[in-house]
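>>> next comes the sequence, and after it the predicted model I'd like to discuss.
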There are 2 protein chains.
Amino acid sequence: MLSDKPGVRNLVELCAAKGIRHVIISPGSRNAPLNISFNEHGAFECISVPDERCAAFVALGIGQHTGQPAIVCCTSGSAALNFAPAIVEAYYQRIPMLILTADRPPEWIDQGEGQSMRQSGVYANYIKKDYDLPLETQDQDNLAMINRIVNEAIHLTTSDIPGPVHINIPFREPLYGRKDWSDIPLPKSIDYPTPVFHLPEGEQKKLANAWWSSQKKIVLCGLLPSSDELENSLANLVDENTVVLSEITSNLHHPSFLTGIDRLIHLIDKKEFCPDILVTIGHSFISKKLKLWLRDFRPKSHWHIGLETVAQDTFQSLTQHLRTTPEYLFDTLVKHKGEQSNKSGFHFNKKWSDLALKINQQQAEYISNAPWSDLKIFDWMLSRLPSNIELHLGNSSPVRYADLFPRKRGCVYRSNRGVSGIDGCNSTALGAAKVSDKTVMLITGDISFFYDSNAFWNVALPANLKIVVINNQGGGIFRMIPGPGTTAQLDHFFETTHSFSAEGICNTFGVNYYSAKAEKINENTWEAFLGEQTNGQPAVLEIFTPRTTNDIVFKKFYAALSTRP
Amino acid sequence: MLSDKPGVRNLVELCAAKGIRHVIISPGSRNAPLNISFNEHGAFECISVPDERCAAFVALGIGQHTGQPAIVCCTSGSAALNFAPAIVEAYYQRIPMLILTADRPPEWIDQGEGQSMRQSGVYANYIKKDYDLPLETQDQDNLAMINRIVNEAIHLTTSDIPGPVHINIPFREPLYGRKDWSDIPLPKSIDYPTPVFHLPEGEQKKLANAWWSSQKKIVLCGLLPSSDELENSLANLVDENTVVLSEITSNLHHPSFLTGIDRLIHLIDKKEFCPDILVTIGHSFISKKLKLWLRDFRPKSHWHIGLETVAQDTFQSLTQHLRTTPEYLFDTLVKHKGEQSNKSGFHFNKKWSDLALKINQQQAEYISNAPWSDLKIFDWMLSRLPSNIELHLGNSSPVRYADLFPRKRGCVYRSNRGVSGIDGCNSTALGAAKVSDKTVMLITGDISFFYDSNAFWNVALPANLKIVVINNQGGGIFRMIPGPGTTAQLDHFFETTHSFSAEGICNTFGVNYYSAKAEKINENTWEAFLGEQTNGQPAVLEIFTPRTTNDIVFKKFYAALSTRP
């Protein structure tokens, strides 16, 4: 039986009708009407996660994997604020999520009640939309309002640009009443057919003309969900004049696309290799060299393709925001392909591709001779990735290292690049593993791992979760960027140096633990870590790398690339 | 040398001039100008705490202990949101805190930069005031504005009702420049002498008349900092007609004050024991029975005394908000004491005191015969508390249990009762221990302990920190309140049941670990835990209590009290 509160009954029935399946519940009392109803309804898989910070990242991982909103639900008070880091990540990463916060009734806010605060609009800076439900009610207008809000809220989580939506729900005691609702009609579900975003015929022709008459074109691919359709559309566009640069988080892995952008930008002739038309799809570009280059040498035209109402102008060069889907635009360009195409002698693509080829050779040679370090471990691991896994990459070193190496066909790559925090990457991967029938692997740094160690404080850990912790004793990233290396406080106030190991955390929560020094890593450890675990729990492999040589190997890597053969 | 950014130099110098001494830094790059300057200035003790959620609670503990703001400082992006749980607690608990968030320059917000979000006003719902500093500048008007903001912000953290104040600080790269500022005059420090809040003579007499002609008066003491002056003023007021009820967090321990309010309310004649005048001082009352009683049997007059602009009306009975200090009001009443006093035969105080005496005897008898359980362990521990310690009590069972027992003279009691979250209690106690020359002990539940286990991920753990973890395998509180006991989902979605131990966490971070089953607890373990640790690290004592009998012992306790002898 569901809660006896009519608003809750309607909310839960609408969530079921709209196809929401996953509910992350952080235990509490004020949210009891919701907890009871989601548990007893039958349509939902409920997962209990005690630390709200982790709970919301678990919901993020599920939303990222499924493209559908997971619900995250908590009691009143500061619990709601612990959701915030995952919500801001969902907002900027464009992941659907429905946040339900239980609240005290308005008459007790600011009156000294425990676990109460002003919860209305508490995520205002980083939420797609937020609502307050009317206090529990039998009034039909109020119930109609609740229905409308819930319909709207669920719709908004995935419409146009997906994101988090918040419903704050005040409850009066008693909280534990139940009712058999079977005789009462279901609440009305509003339908929102997905609109198609096309461009007018005249605009299509204008764009195609510009495109096919240009000899230097780059399509730059940022963070995107995996899509074969998009990959095919885009591959059709690659020609002598067109280069596709794809970051690892774009999940666009066609062999004709160039990868490892940071390396390429390092060596290009900044002016000659600059496109006349830059097209961007996706968002949250990782490569810092790319940003600096394009901000300096602004392309004449920069078209951003995407459904957002207002486009980001990441390179301060935006000239057109084409509010449609990339597939549609690419197909449209091909459809309008004229006589003038492929007639240039400029060989833009060949210039880029030759460079990429050379760099790949230099890289392989350098790494095979380099001492064991973070860079070499990434090479070692990524060449041994199982097929068909979902690979999560922590911020900020892992995703940057991984982007230097070839992609594995069939793998899906994820990284929390919305706001690029180090918080919550264990929980995000755990959420994905809960709903995936494949292996979900996370490669993370020690700092990220410890930050989110409460992810494992969870009674339902998924066995298909594999975590590699690159333990370089703390935030080696700051040794690699210019600046902090020159300060005396480096060790404590920029880096988080330490000598801790993940072992105690794993033992506490029943996670299988493997470890190796980088120079001692071998196939046996790797296979044992990847294999099925006898206790049906996840596994962690902690690889210790040398903190103070990692940055030297990395800097020399770029120096080695600079030596043009 | 400080940062070469003039605004940062002024900010840091003003913090020093205003007497701020403690800066909690969460490592990062965008906050480098602040990190460099606070470290190198010389006036500050800087503490590095990697998990921002913990960092802000450490600052809370320092502010709670010293009455002065500690600074908490982080990089841009979601880091700032991890501060939020401690900020809302500081806001409602009225603890001074200065939050400095580094930000990206405004031109890059919402443009796909990493670690960026809309940070302005991000704590709007739970901050005393927030500011955005102008982007780094050489402009004299802008610098004057920065000076004025910093003066104001520091002042506001402690003025009238203390609380958290936020300054958001955008920085452009480069971030690591330094400068010798010795030739440049210091920024202007604005002085804010503390005003005195007195009441007009006529009002004083009116209040005194009402007071001394009433035969049933209760002064109810909520959360307050420790103050001998206040305790003495209040003790002068106790007479035949006047009862002082003090909660453990009031830090008012005079022998004439009655304690263990929940037990008293359980047995009183609700009408006869209701006061004609209720005076409240402090805030965040713990006793739920007290709230329900006073909301039902509303006193004719309820005077709240406190400097806040608007008083809470916790019992829906407020008739007067006297905007002055309790000491002043109590002294004023005594000064205007007339002939009519102490002439009643109603014996209000005697009725309450006799009841308290009887309950204390019943309690002692019941507990001595009760099986080992949470209740009995609190009795055992609290009777063995060292003198002169600062005792922190976790939410929500520990503070409720502890409130049932006699206070130890010389002890200071703390609990995060602002919003009463379970988050951050380890870090809060750690913060207090960092600045205290006494032992700081925390008694916490297992759920709270795990929630904030990252508190120990810290290179500078204080040796004077002692933590007792009452491990009842998860949130027994929900077995003690009416409602959830009747639902099937109890184990996972209201309680957080588990079989985890604190040992692995302690081993990971070098914390000394002791454990005992409740029934096996003995003086040797207790003394070893309290004694100096050979490695100069804090100590944890984990006491395992029986999850499913704790609630029975507790319910029978109230039944035993009900049997009037």
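Yep, it's here. Numbers count the residues shown, from 1 in each chain, chains lettered A, B, ... in the order given.

>>> which of the helices or strands spans whichever residue of the stretch 151-300 of chain A sits closest to chain B?
Residue nearest to chain B within the stretch 151-300 of chain A: residue A:176 (3.9 Å; CB to the nearest CB). (Each C-beta comes from the backbone N, C-alpha and C, glycine too.) Under the criterion DSSP states H and E, no helix or strand holds residue A:176.

>>> surely it and residue A:34 touch.
No - look at residue A:176 against residue A:34 with CB atoms under 8 Å: they stay out of range, at 11.8 Å.

>>> more crowded one of these two?
More crowded of residue A:176 and residue A:34, by other CB atoms under 10 Å in any protein chain shown: residue A:34, with 29 against 19.

>>> do I have it right that the more buried one meets residue A:72?
No - applying CB under 8 Å as the test, residue A:34 and residue A:72 come out as separate, 10.9 Å apart.

>>> identify the contacts common to these two.
Overlap of the contact sets of residue A:34 and residue A:72 (by CB atoms under 8 Å, 6 or more residues apart in numbering or on different chains) consists of residue A:100.

>>> pLDDT score assigned to the residue of chain A positioned farthest from its centre?
Farthest-out residue of chain A from its mean C-alpha position, per CA atoms, centre = their mean: residue A:183, at 42.7 Å. On the pLDDT scale, residue A:183 is placed at 97.

>>> which of the helices or strands spans it?
Counting by DSSP H and E, residue A:183 is part of no helix or strand.

>>> wait, what's in contact with it?
The contact partners of residue A:183, by CB under 8 Å, 6+ apart, come to none.

>>> could you check how far it is from residue B:218?
The gap separating residue A:183 from residue B:218 is 50 Å, by CB to CB, to the nearest Å.

>>> got the buried residues for stretch A:220-230?
Residues A:220-227, A:230 are the ones in stretch A:220-230 that count as buried (16 or more other CB atoms under 10 Å in any protein chain shown).

>>> put the alpha carbons of stretch A:264-284 into CSV.
In CSV, the C-alpha atoms belonging to stretch A:264-284 read as follows (Å, rounded to 0.1, in the frame of the first residue of the first chain):
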residue,chain,number,x,y,z
LEU,A,264,48.2,17.5,-31.9
ILE,A,265,47.8,21.1,-30.9
HIS,A,266,51.2,21.0,-29.2
LEU,A,267,52.8,20.4,-32.6
ILE,A,268,50.7,22.1,-35.2
ASP,A,269,51.5,25.3,-37.0
LYS,A,270,48.9,27.4,-35.1
LYS,A,271,48.0,29.6,-38.1
GLU,A,272,48.1,27.1,-40.9
PHE,A,273,46.1,24.5,-39.1
CYS,A,274,43.4,26.9,-38.0
PRO,A,275,40.1,26.2,-39.7
ASP,A,276,38.0,28.7,-41.6
ILE,A,277,34.9,27.0,-40.4
LEU,A,278,34.9,25.5,-36.9
VAL,A,279,31.9,23.3,-36.0
THR,A,280,31.4,22.2,-32.4
ILE,A,281,29.1,19.5,-31.1
GLY,A,282,28.8,18.4,-27.5
HIS,A,283,30.3,20.5,-24.7
SER,A,284,32.9,20.6,-21.9
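
>>> what mean pLDDT does it have?
96.

>>> now stretch A:56-65
Stretch A:56-65 comes out at a mean pLDDT of 98.

>>> same question, stretch A:374-389
Rounded mean pLDDT across stretch A:374-389 is 96.

>>> which ones among the buried residues of stretch A:220-230 are found in helices?
residue A:230 (DSSP state H).

>>> overlap between the buried residues of stretch A:220-230 and the residues near chain B?
residue A:222 (CB under 8 Å from any CB of the partner chain).

>>> now render the buried residues of stretch A:220-230 as JSON lines, adding pLDDT.
Below are these laid out as JSON lines (pLDDT from 0 to 100):
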{"residue": "A:220", "pLDDT": "98"}
{"residue": "A:221", "pLDDT": "98"}
{"residue": "A:222", "pLDDT": "98"}
{"residue": "A:223", "pLDDT": "98"}
{"residue": "A:224", "pLDDT": "97"}
{"residue": "A:225", "pLDDT": "95"}
{"residue": "A:226", "pLDDT": "94"}
{"residue": "A:227", "pLDDT": "96"}
{"residue": "A:230", "pLDDT": "98"}
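
>>> I'd like the buried residues of stretch A:220-230 written out as a markdown table, with distance to residue B:394 added.
Shown next, in a markdown table, are those (distance: CB to CB, whole Å):
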| residue | distance to residue B:394 |
| --- | --- |
| A:220 | 51 |
| A:221 | 49 |
| A:222 | 44 |
| A:223 | 40 |
| A:224 | 45 |
| A:225 | 42 |
| A:226 | 45 |
| A:227 | 48 |
| A:230 | 51 |
